[in-house]
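1. I would like the atomic coordinates for the input below:
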Amino acid sequence: MEITFELGYALDTFYFLICGALVMWMAAGFTMLEAGLVRAKNTTEILTKNVTLYAIACIMYMVCGYSIMYGGDDFTWFLSGITGDGATGEAEPATYAPSSDFFFQVVFVATAMSIVSGAVAERMKLWAFLAFAVVLTGFIYPMEGSWTWGGASVFGMYTLGDLGFSDFAGSGIVHMAGAAAALAGVLVLGARKGKYTADGKINAIPGANLPLATLGTFILWMGWFGFNGGSVLATASVESANAVAVVFMNTNAAAAGGLVAALILARILFGKADLTMALNGALAGLVAITAEPSTPTPLQATLFGALGGLLVVGSIVALDKLKIDDPVGAISVHGVVGLLGLLLVPVTNPLTADGGSSFSGQIIGALTIFVWVFVTSLVVWLILKAIIGIRVSEEEEFEGVDLGECGLEAYPDFTGGRS
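-> I've put the predicted structure just below:
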């Protein structure tokens, strides 16, 4: 029995770490996607933001975020490392190395922050963004995570799980939370110069490198197997191995459904096959299935993804009409479709005596996450705006934030080497 336990422990730990590495690779996906969808003159800053926010997320979650989210006794466990049952003080021994749990969780935090990066691109000061990253990854996200995956009561009043809330891998906890923070930032920041005219015209601002954006989407698609598959939390038993296989299958099916649906709708609305809408459709399908990829049939997963693909196209168009400038469509993909993902959970995983979810529980959970993250983020953005400013000057925005914020260009041979 001891040998069997040790083998299972080793397999589950190894699986956790591999899935965590896949989710970490999603940071590269977000980086490439955003670098492809911004203009060439703003590429270096978007790259700098993404690589730095990942490092900040790792440090802040280690210093305090993990303890806040899972109820550690203090904020200094990182000085001596995680041993035994880890920082959470669990009574039962884990079926995997507790350090692997920390690694898997920290890459989720970085994912939430990556969502913000693209939405505020091309006009935000680099250091203001990084200052916000410190607060989101160290406090805002861990607090809402403690009410959901951490199982703590919301302000000591109720637990979302008891109300029938369920979010398997984070459609709301990760993606909608990141989008809420992004929305607050965009509202305070304002639109890019020239995006909207006084007479209500919307000017398209094409990205500089669509091959790079497509590569980023494929990287995210692949990384999502770790995002959703790792959330099974085990693979050493027949039951858990079958669950992992189902999650992988449904995750892939939803992405495919989302891409095709978005591409068809874009063709109907715009008369052309819009690549950017197709890419966002695939990501929307992934977000939609993330809340519950283990219970739908493959057909249901494809249809759920298709709903996400249709919704994201409509949402991107609607936000543009509202003059909410999101260069990469992050708020629509992760926020609007993240809510859809939560609302789809009771369709295949209804509330029973053994668990599950209810529509009322999903709505309450979604409202709790959104209101907390949006309000706290709005406060932080306003404080940063008052203290150091968050938007670059008009001249820097015209010349490109690469030169103003980073002092170098990503494509100097193609932009004339401006100085």
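2. now whichever strand or helix holds Gly185: mean pLDDT?
-> Per DSSP states H and E: Gly185 is located in helix 177-189. What helix 177-189 shows for mean pLDDT is 98.
3. now the following helix or strand past it, how far from the centre of its chain.
-> Following helix 177-189 in sequence order, the next helix or strand is helix 210-229 (DSSP H and E). For helix 210-229, the gap between its own C-alpha mean and the chain's C-alpha mean amounts to 12 Å (CA atoms, centre = their mean, to the nearest Å).
4. any idea how far Val373 is from Val379?
-> Val379 sits 11 Å away from Val373 when distances are taken as CB to CB, to the nearest Å. Any C-beta I mention is one placed from the backbone N, CA and C, and that applies to glycine too.
5. Could you give me the buried positions within the helix holding Gly185?
-> Ala177, Gly178, Ala179, Ala180, Ala181, Ala182, Leu183, Ala184, Gly185, Val186, Val188, Leu189 (16 or more other CB atoms under 10 Å).
6. and what of stretch 318-338?
-> Buried residues in stretch 318-338 (16+ other CB under 10 Å): 319-320, 324-338.
7. ok, now stretch 128-135?
-> Under 16+ other CB under 10 Å, the buried positions of stretch 128-135 are Ala128, Phe129, Ala131, Phe132, Ala133, Val134, Val135.
8. Those in helices, which ones?
-> Those of the buried residues of stretch 128-135 mapping onto helices are Ala128, Phe129, Ala131, Phe132, Ala133, Val134, Val135, per DSSP state H.
9. Past the lengthiest helix in the chain, which element shows up next along the chain?
-> Longest helix of the chain, by residue count under DSSP H: helix 2-37. Note on helix 2-37: by DSSP H and E, the next helix or strand toward the C-terminus is helix 43-60.
10. if we can go back for a sec, got a markdown table for the ones in helices among the buried residues of stretch 128-135, with distance to Gly145 too?
-> Below are these laid out as a markdown table (distance: CB to CB, whole Å):
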| residue | distance to Gly145 |
| --- | --- |
| Ala128 | 24 |
| Phe129 | 21 |
| Ala131 | 21 |
| Phe132 | 17 |
| Ala133 | 16 |
| Val134 | 16 |
| Val135 | 14 |
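11. of those residues, closest to Ala198?
-> The closest of those to Ala198 turns out to be Ala128 (CB to CB; 27.6 Å).
12. one step back: just the ones of the buried residues of stretch 318-338 in strands?
-> With strands defined by DSSP state E, no entry of the buried residues of stretch 318-338 lies inside them.
13. circling back to that earlier point, same list (the buried residues of stretch 128-135) but as a markdown table, adding pLDDT and distance to Val238.
-> As requested, the buried residues of stretch 128-135 are exported to a markdown table (pLDDT from 0 to 100; distance: CB to CB, whole Å):
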| residue | pLDDT | distance to Val238 |
| --- | --- | --- |
| Ala128 | 98 | 51 |
| Phe129 | 98 | 46 |
| Ala131 | 98 | 48 |
| Phe132 | 98 | 45 |
| Ala133 | 98 | 41 |
| Val134 | 98 | 44 |
| Val135 | 98 | 44 |
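14. Can you tell me which of the residues you listed lies closest to Ile388?
-> Ala128 (5.8 Å).
15. what residues are up against that closest one?
-> Going by CB atoms under 8 Å, 6 or more residues apart in numbering, Ala128 touches Leu384, Lys385, Ile388, Gly389, Ile390.
16. most neighbours, which of those?
-> Ile390 (24 neighbours; other CB atoms under 10 Å).
17. Output the below-cut-off pLDDT ranges for the stretch 201-350 of the chain.
-> Scanning the stretch 201-350 of the chain for pLDDT under 70 picks out no residues.
18. Also the stretch 1-150 of the chain?
-> For the stretch 1-150 of the chain, residues meeting the criterion pLDDT under 70 lie at 1-3, 72-94.
19. re the thing from before, just the ones in helices from the buried residues of stretch 318-338, please.
-> Per DSSP H, these map to helices at Leu319, Asp320, Ala330, Val337, Gly338.
20. in the longest helix of the chain, what's buried?
-> Neighbour counts over helix 2-37 (16+ other CB under 10 Å) mark 8-9, 11-13, 15-17, 19-20, 22-24, 26-37 as buried.
21. That helix - contacts with which helices or strands?
-> helix 43-60, helix 98-119, helix 210-229 (3 or more CB pairs under 8 Å, 6 or more residues apart in numbering; DSSP states H and E).
22. Just send those back as a markdown table, with mean neighbour count and distance to Thr368 too.
-> Shown next, in a markdown table, are those (neighbours: other CB atoms under 10 Å; distance: least, CB to CB, whole Å):
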| stretch | mean neighbour count | distance to Thr368 |
| --- | --- | --- |
| helix 43-60 | 22 | 22 |
| helix 98-119 | 24 | 16 |
| helix 210-229 | 21 | 22 |
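23. Ok, which of the ones you listed comes nearest Ile363?
-> Closest among the helices and strands packed on helix 2-37, using CB to CB: helix 98-119, at 20.9 Å.
24. now the closest one against helix 2-37, angle please.
-> 10 degrees (axes from the mean of the first three to the mean of the last three CA atoms, to 10 degrees).
25. one step back: list just the nearest of the ones in helices among the buried residues of stretch 318-338 to Leu408.
-> Checking those against Leu408 by CB to CB gives Ala330 as the nearest, at 25.4 Å.
26. My read is that the closest one contacts Leu183, right?
-> No - the criterion here is CB atoms under 8 Å, and Ala330 misses it with Leu183 at 9.3 Å.
27. and for those two, which residues touch both?
-> Ala119.
28. before we move on, the earlier item: what is the nearest of the ones in helices among the buried residues of stretch 128-135 to Ile46?
-> Distance to Ile46 across these (CB to CB) is lowest for Phe129, with 10.2 Å.
29. can you pull the contacts of that closest one?
-> Per CB under 8 Å, 6+ apart, neighbours of Phe129: Lys49, Leu53, Val116, Ser117, Val120, Ile390.
30. can you tell me how far the fifth one sits from Leu189?
-> It stands for Val120. Taken as CB to CB, the span from Val120 to Leu189 is 6 Å.
31. ok, now the fourth one?
-> With the distance defined as CB to CB, Ser117 ends up 13 Å from Leu189.
32. Ok, the last one next?
-> Using CB to CB, we find Ile390 at a distance of 6 Å from Leu189.
33. Chain neighbours aside, what residue packs nearest to Gln105?
-> Distances taken as CB to CB, 6 or more residues apart in numbering place Tyr66 nearest to Gln105, at 6.5 Å, with adjacent residues excluded.
34. Done for today, thanks.
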